[in-house]
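Colleague: 3D model of this:
(2 chains)
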Amino acid sequence: MQKRLAYSLPDEVLEHVFSFIQSDKDRNAVSAVCKSWYEIERWCRRKIFVGNCYAVSPGMVIRRFPEVRSVELKGKPHFADFNLVPDGWGGYVLPWIAEMAGAYPWLEAIRLKRMVVTDESLELIAKSFKNFKVLVLSSCEGFSTDGLAAIAASCKNLRELDLRESDVDDLSGHWLSNFPETYTSMVSLNISCLGSDEVSISALERLVSRCPNLRSLRLNRAVPLDKIANILRLAPQLIEFGTGAYSAELRSDVFSNLAGAFSNCKELKSLSGFWDVVPDYLPAIYSVCSRLTSLNLSYATIQSPDLLKLVSHCPSLQRLLVLDYIEDSGLEALASNCKDLQELRVFPSDPFGVEPNASLTEQGLVAVSLGCPKLQSVLYFCRRMSNAALVTIAKNRPNLTRFRLCIIEPRTADYLTLEPFDIGFGAIVEHCKDLRRLSLSGLLTDLVFEYIGTYAKKLEMLSVAFAGDSDLGLHYVLSGCKSLRKLEIRDCPFGDKALLANASKLETMRSLWMSSCSVSYGACKLLGQKMPKLNAEVIDERGPPGSRPESCPVEKLYIYRSVAGPRFDMPPFVWTMNEDSTLRLS
Amino acid sequence: MSSENGKRLPETDADGLNFEATELTLGLPGKSRVTPDGGAKLGSKRGFSETVDLRLGDNKDANKLGQSQIDAREAAKSPGSKAQVVGWPPVRGYAKRGKKSCKYVKVAVDGAPYLRKVDLEMYNTYQQLLTSLQDMFSRFTRNFLNEKRIEQVNGIEYATTCEDKDGDWMLVGDVPWQMFVESCKRIRLMKSTEAVGLAPRTPPKCSRTS
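Modeller: Okay, here's the model as predicted:
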């Protein structure tokens, strides 16, 4: 009698229950319980995340999930950020937009990362989705302000337009004027990546003044400092704000106007921008500093004393992005002032210089690891490091979840002992049991990979460069890291053996990137032919791999799991290793 | 420590794989490697940035720790700069931080199916830029020959042209380098026959190697 009751829960009840389950992983688990749950769940899934746009086809997604309102797609591999993926590689969003235009008329949100977005795609978005609300283009390229003009003109309900770090062809600053006078719904606008060309300030001011819900505004470098005060006064409700160039002739009226405008913004929690900083204008933000939780000074070329002073005013800081001008002394001040710090990123002011540009060493990071008990996420560029420092950091901060260290000169050894950093990174993975992301650098042998394979059981993403001695290193990682999803490797002596021995591991990962390693064309072909659920792609600008001996190493290899089969949009320098590439159905 | 599963790979000098041939030596990063079959070098790395340092000689003896740093310092003629490896250090356009202009320009080559991007700030002279373009261009022609897109004709000359802010196209080389960097928005390598009518003076030409 009770069994029958359980089976008779009506679909609507189940659907209602499922609506409280938001995470993709949980949704996937729900859909795997039984056929009827699969059916119910697929009709009520509203958000899709596709971590690799080539892992599945738009048609497949649409067929399974007919009522989607929000789509997130990622395209190029991460190393595209560092010019390792040639232009024209792929990641085009147009096929997705074209199919979704017909299938999802009520689509509200599109979030893209590292994809090629054309003006045609933007125009299609503008005219296809009547209730479109959110457009986030992160590190995208291929479009111009013409495409943005189409979005502005048509999307009456647009709430969020975020172009973070995209490469936009800035044809004219007047696209902003395409937002009609009746448009008032902007909540978040990020145009910080737009070029040095003028943005129409008056259009911007008019837009800001008629959008009472505007909470996040990030301007581009071209917006001059003397315009900031006016904009802030039009939007005192801002929570996040990014300045333009933070420089002007020092004038007390401009300064006090600016300081007054900032102090008016009682809810401001996050600041960014700060190109070309004139230090004398920094005190204008002091009134908001005590409330600041996030500060991005990664464009601010100001020196240590000014940075130190600024940071000392921000006791609530949770997230700091800064150049190495902060130096060890500034980081020590950070460590004693900012006990809520969770994320620290220190970028090199002169990445290609031979001599250190600033007095920033491993000491700064050690100090922060000691003084900031909530520190979870680190990205740190420096020119020297020691195993002792890494061990100290690991023991101080076992709660680290993301640790990315870049010792600028490849294969640099421990400056105290001249040894490799195997022990240091070994300590990191051993103590930081929740580590999800790790980037290695410096001199490293196969031993570090043995440590990683042994201890880094929660590691999801690993970046490796100029490290290791042999295939053993790669083998340790592929066989030991249970949670590994993304592995990117460059300039390491890893070859065929480890890859072929762990081929099935690759089906459990999102993707593997290997460039300037020793994987042969023959091995790539073998992988492509034997593993139908993987797309094995060789990127080689020297011409067809078949024109060289099978034992010849390929330039770059990108392997990812896919249910869509080999892709059809490969440029001339990308070759698929899969057979029967013409016979796949989408 | 033993690895978790039963498979163990042979150590570096075990049978089967000729590790020595595929081993990366401790040299300046980005130096060309010898192929396993002992044939010609694979060719220098793909990055445009590396062509800046054409003056660097081969450095085969950089086995000592720290040697690479000393070599870099010795090799870099211009103070404060060094041999650059593509994509290292992994900074996202951070070379642009603190600079007034963002000087990535697209380069189109007549007949090539795709564009390239070049950072003009990486070069100091027209010669450096043209050498880099030539390197990139010759790769295209090799691809073309393989795909039979164009016929090989000896001595076809291509002119390097640039488009400025006003949309005008002119031959590269007429103005001082810095002025060029500031005004150039796009570069196109067009067949000389089509370049008639552009700026009057004879510009540096990017001629195709046969």
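Colleague: Can you list the low-confidence ranges for the chain?
Modeller: No chain specified, so I'll use chain A. Residue ranges of chain A with pLDDT under 70: A:1-7, A:173, A:196-198, A:580-586.
Colleague: oops, chain B please
Modeller: Applying pLDDT under 70 to chain B flags the ranges B:1-84, B:93-103, B:112-115, B:136-157, B:195-210.
Colleague: try 50
Modeller: For chain B, the stretches flagged by pLDDT under 50 are B:1-81, B:94-101, B:142-155, B:200-210.
Colleague: can you tell me the helix or strand for A:L189?
Modeller: Secondary structure assignment for A:L189, by DSSP states H and E: strand A:188-190.
Colleague: Note down every partner strand of that strand and its orientation.
Modeller: Applying DSSP bridges, strand A:188-190 is found paired with strand A:160-162 (parallel), strand A:216-218 (parallel).
Colleague: and A:A335, which of those is closest to it?
Modeller: A:A335 lies closest to strand A:216-218 among the strands paired with strand A:188-190, at 28.2 Å (C-beta to C-beta). C-beta here means a position set from N, CA and C on the backbone, and glycine is covered the same way.
Colleague: Other residues contacting that closest one?
Modeller: Contact with strand A:216-218 is made by A:164, A:187-192, A:208, A:231, A:235, A:238-242, A:270, A:272-273, as judged by C-beta atoms under 8 Å, 6 or more residues apart in numbering or on different chains.
Colleague: Going by neighbour count, which residues of it are buried?
Modeller: Of the residues in strand A:216-218, A:S216, A:L217, A:R218 count as buried by neighbour count, 16 or more other C-beta atoms under 10 Å in any protein chain shown.
Colleague: okay but A:M531 is in contact with A:L506, surely?
Modeller: Yes: using C-beta atoms under 8 Å, A:M531 is in contact with A:L506, at 6.9 Å.
Colleague: and the two? which has more neighbours close in?
Modeller: Shown here are A:M531 and A:L506; by other C-beta atoms under 10 Å in any protein chain shown, A:L506 has more neighbours (22 against 18).
Colleague: got the phi/psi numbers for that one?
Modeller: Torsion angles at A:L506 (phi, psi; degrees, to the nearest 10) stand at phi -60, psi -30.
Colleague: wait, which of the buried residues of strand A:216-218 is closest to chain B?
Modeller: Chain B lies nearest to A:R218 out of the buried residues of strand A:216-218, by C-beta to the nearest C-beta, at 16.3 Å.
Colleague: Give the bridge partners for the closest one, please.
Modeller: Counting by DSSP bridges, A:R218 forms beta bridges with A:N190, A:G242.
Colleague: separation between it and A:L194?
Modeller: From A:R218 over to A:L194 the distance is 10 Å, taken as C-beta to C-beta, to the nearest Å.
Colleague: ok, now A:S263?
Modeller: Counting by C-beta to C-beta, the gap between A:S263 and A:L194 amounts to 28 Å.
Colleague: Name the residue in the two with the higher neighbour count.
Modeller: Per other C-beta under 10 Å, whichever of A:S263 and A:L194 has more neighbours is A:L194, with 22 against 16.
Colleague: Do I have it right that A:E507 meets A:A536?
Modeller: No: A:E507 lies out of contact with A:A536 (C-beta under 8 Å); the separation is 11.8 Å.
Colleague: Neighbour count: these two, which is higher?
Modeller: With neighbours defined as other C-beta under 10 Å, A:E507 and A:A536 compare such that A:A536 has more, 26 against 12.
Colleague: Show me what the helix or strand containing that one packs onto, helices and strands only.
Modeller: A:A536 belongs to strand A:534-539 when assigned by DSSP H and E. Here strand A:534-539 touches helix A:521-530, strand A:556-561, strand A:574-576, going by 3 or more C-beta pairs under 8 Å, 6 or more residues apart in numbering or on different chains; DSSP states H and E.
Colleague: Nearest to A:V136, out of those?
Modeller: Ranking the helices and strands packed on strand A:534-539 by proximity to A:V136 (C-beta to C-beta) places strand A:556-561 first, at 22.7 Å.
Colleague: Please see if that closest one touches chain B.
Modeller: No: figure legend: strand A:556-561 not in contact with chain B (C-beta under 8 Å from any C-beta of the partner chain); closest approach 9.4 Å.
Colleague: can you give me the angle that strand makes with strand A:534-539?
Modeller: Strand A:556-561 runs at 160 degrees relative to strand A:534-539, counting by axes from the mean of the first three to the mean of the last three C-alpha atoms, to 10 degrees.
Colleague: how distant is strand A:556-561 from the center of its chain?
Modeller: Distance of strand A:556-561 from the chain centroid (C-alpha atoms, centre = their mean, to the nearest Å) equals 19 Å.
Colleague: helices or strands next to it in the packing?
Modeller: Contact partners of strand A:556-561 among helices and strands, from 3+ C-beta pairs under 8 Å, 6+ apart: strand A:511-515, strand A:534-539.
Colleague: Parallel or antiparallel, list what pairs with it.
Modeller: Strand A:556-561 pairs in its sheet with strand A:511-515 (antiparallel), strand A:534-539 (antiparallel), by DSSP bridges.
Colleague: residues making contact with it?
Modeller: Residues outside strand A:556-561 that contact it (C-beta under 8 Å, 6+ apart) are A:52, A:54-55, A:77, A:84, A:506-517, A:519, A:524, A:527, A:533-540.
Colleague: are any of those buried, and which?
Modeller: Buried among the contacts of strand A:556-561 (16+ other C-beta under 10 Å): A:52, A:54-55, A:77, A:84, A:506, A:509-517, A:519, A:524, A:527, A:534-540.
Colleague: coming back round to it: show residues contacting the strand holding A:A536.
Modeller: With contact meaning C-beta under 8 Å, 6+ apart, strand A:534-539 is reached by A:54, A:85-86, A:89, A:503, A:506-507, A:515, A:521, A:524, A:527-528, A:545, A:554-562, A:565-567, A:570, A:573-578.
Colleague: Isn't A:Y54 up against A:Y92?
Modeller: No: A:Y54 is beyond contact range of A:Y92, at 10.3 Å (criterion: C-beta under 8 Å).
Colleague: what about the residue of the stretch 401-550 of chain A found nearest chain B, neighbour count?
Modeller: In the stretch 401-550 of chain A, the residue found nearest to chain B is A:S518; the distance is 3.9 Å by C-beta to the nearest C-beta. Counted with other C-beta under 10 Å, residues neighbouring A:S518 total 25.
Colleague: Please apply the same query to A:I452.
Modeller: The tally of other residues near A:I452 (other C-beta under 10 Å) stands at 28.
Colleague: OK, contacts around A:K47?
Modeller: When contacts are counted by C-beta under 8 Å, 6+ apart, A:K47 is found next to A:Q22, A:D24, A:V68, A:R69, A:S70, A:V71, A:E72.
Colleague: and of these, the nearest to A:S202?
Modeller: A:S70 (33.6 Å).
Colleague: how much space is there between that closest one and A:C314?
Modeller: According to C-beta to C-beta, A:S70 and A:C314 sit 34 Å apart.
Colleague: Same drill for those two, tell me which one is more crowded.
Modeller: A:C314 (25 against 17).
Colleague: got the contact list for the more buried one?
Modeller: A:C289, A:S290, A:L292, A:L295, A:N337, A:C338.
Colleague: what secondary structure does the fourth one sit in?
Modeller: Secondary structure of A:L295, reduced to three states by DSSP: H, G, I helix; E, B strand; the rest coil: strand.
Colleague: which residues touch it?
Modeller: Residues near A:L295 by C-beta under 8 Å, 6+ apart: A:S270, A:L271, A:S272, A:C314, A:L317, A:R319, A:L320, A:L321, A:V322.
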